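[1] only geometry, no sequence info:
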């Protein structure tokens, strides 16, 4: 009897310590994710590294790209299991561009995996497979889906980083120039640094056929370096978000109704000869929810 009591006591102690350890780890994860908020000077760097095209004579690699900008990253939602970060690109005090958005969900089991040709496949994950993990859901400038992946944040040897591989559409810098591939397999690393954070990429440019066959065309290296600066340098973006927040909240709410169906998603590239982002960007801050709902509905292909 005494032995059984000691066993149960030891088991409860181990369970308590494990739970406590998981909570500490989760708090470190949250701290790392929220560290990406604020005002940043950003350097965008991309270079095609290796080519695998059989037509090496006529193959034209993408030019190496070096660009820079100023971005404000707004903390839009902050709950124990969901953190929403909105990127705003500052061209000038009078020109703010709503950039990409990243949502972080704890132990999330619903994923939309990019297939090809503006199509995302809904995938249900096993709860045990995402234990302690965070899903990063990345959205286009119009809050339509882009890519999603799940992995654990790592805190070791003074480093804090998250690493995942997932498929994505072509980035905007390639979409208007390249038609020889239709999937970018992204190896993403988000690492928090002493001066800000880095977004490192090692990507495969893939042609995926209707039959599901894949042909590797090329690989590229990406390194986006975010250097923290005073929040006052991004005041224009902060004011812009206050003025436009309700508009984009309505847009996110509409998209949530699409995602909550847990079905594959396929979108039109253009409606009335205009892209989704251009139609939404044309709206005034006081546009009604009926207006935004109608525009998004016109792009979602019903099956």
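    Now that the structure is in, tell me what you want to look at. Computed from a predicted model, the values in this text were never measured in an experiment. Numbering: from 1, shown residues only.

[2] dump the residue contacts of the nearest residue to residue 109 once chain neighbours are set aside.
    Of all residues not flanking residue 109 in the chain, residue 125 sits nearest, at 4.5 Å (C-beta to C-beta, 6 or more residues apart in numbering). Every residue, glycine included, has its C-beta placed from N, CA and C. Counting by C-beta atoms under 8 Å, 6 or more residues apart in numbering, residue 125 makes contact with 108-111, 150.

[3] Repeat that for residue 94.
    Per C-beta under 8 Å, 6+ apart, neighbours of residue 94: residue 236.

[4] That one and residue 267, how far apart?
    Computed as C-beta to C-beta, to the nearest Å, the residue 94 to residue 267 distance reads 31 Å.

[5] And the strands in the chain, which stretches?
    Ranges of strands within the chain are 38-51, 65-79, 82-92, 95-106, 110-116, 119-124, 134-139, 145-151, 153-156, 159-168, 183-192, 196-208, 214-229, 265-266, based on DSSP state E.

[6] Which strands border the second one, and is each parallel or antiparallel?
    Looking back up the chat, that one is strand 65-79. Applying DSSP bridges to the sheet, strand 65-79 is found paired with strand 38-51 (antiparallel), strand 82-92 (antiparallel).

[7] Next: the fifth one.
    Under the criterion DSSP bridges, strand 110-116 sits next to strand 119-124 (antiparallel) in its sheet.

[8] just to revisit the earlier point, and the strands paired with strand 65-79 as a markdown table, adding distance to residue 140?
    Listed next are the strands paired with strand 65-79 as a markdown table, based on distance: least, C-beta to C-beta, whole Å:
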| stretch | distance to residue 140 |
| --- | --- |
| strand 38-51 | 17 |
| strand 82-92 | 11 |
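
[9] Next, format those as JSON lines and append distance to residue 238 and mean neighbour count.
    Formatted as JSON lines, the strands paired with strand 65-79 follow (distance: least, C-beta to C-beta, whole Å; neighbours: other C-beta atoms under 10 Å):
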{"stretch": "strand 38-51", "distance to residue 238": "9", "mean neighbour count": "17"}
{"stretch": "strand 82-92", "distance to residue 238": "8", "mean neighbour count": "18"}
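
[10] Next, format the ones you listed as a markdown table and append mean pLDDT and distance to residue 57.
    Output for the strands paired with strand 65-79, formatted as a markdown table (pLDDT from 0 to 100; distance: least, C-beta to C-beta, whole Å):
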| stretch | mean pLDDT | distance to residue 57 |
| --- | --- | --- |
| strand 38-51 | 97 | 11 |
| strand 82-92 | 98 | 38 |
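
[11] Go through these and name the closest to residue 167.
    Closest approach to residue 167 among the strands paired with strand 65-79 (C-beta to C-beta): strand 38-51, 17.8 Å.

[12] and the angle from the closest one to strand 214-229?
    On the basis of axes from the mean of the first three to the mean of the last three C-alpha atoms, to 10 degrees, strand 38-51 is oriented at 150 degrees to strand 214-229.

[13] wait, what's in contact with residue 258?
    Residue 258 makes contact with 265, 296, 300, according to C-beta under 8 Å, 6+ apart.

[14] which one of those sits closest to residue 159?
    Nearest to residue 159 among those, with distances taken as C-beta to C-beta, is residue 265, at 35.4 Å.

[15] And for the closest one, the neighbour number?
    21 (other C-beta atoms under 10 Å).

[16] Skip the chain neighbours and tell me the closest residue to it.
    Distance criterion C-beta to C-beta, 6+ apart; nearest residue to residue 265, sequence neighbours excluded, is residue 120 at 4.6 Å.
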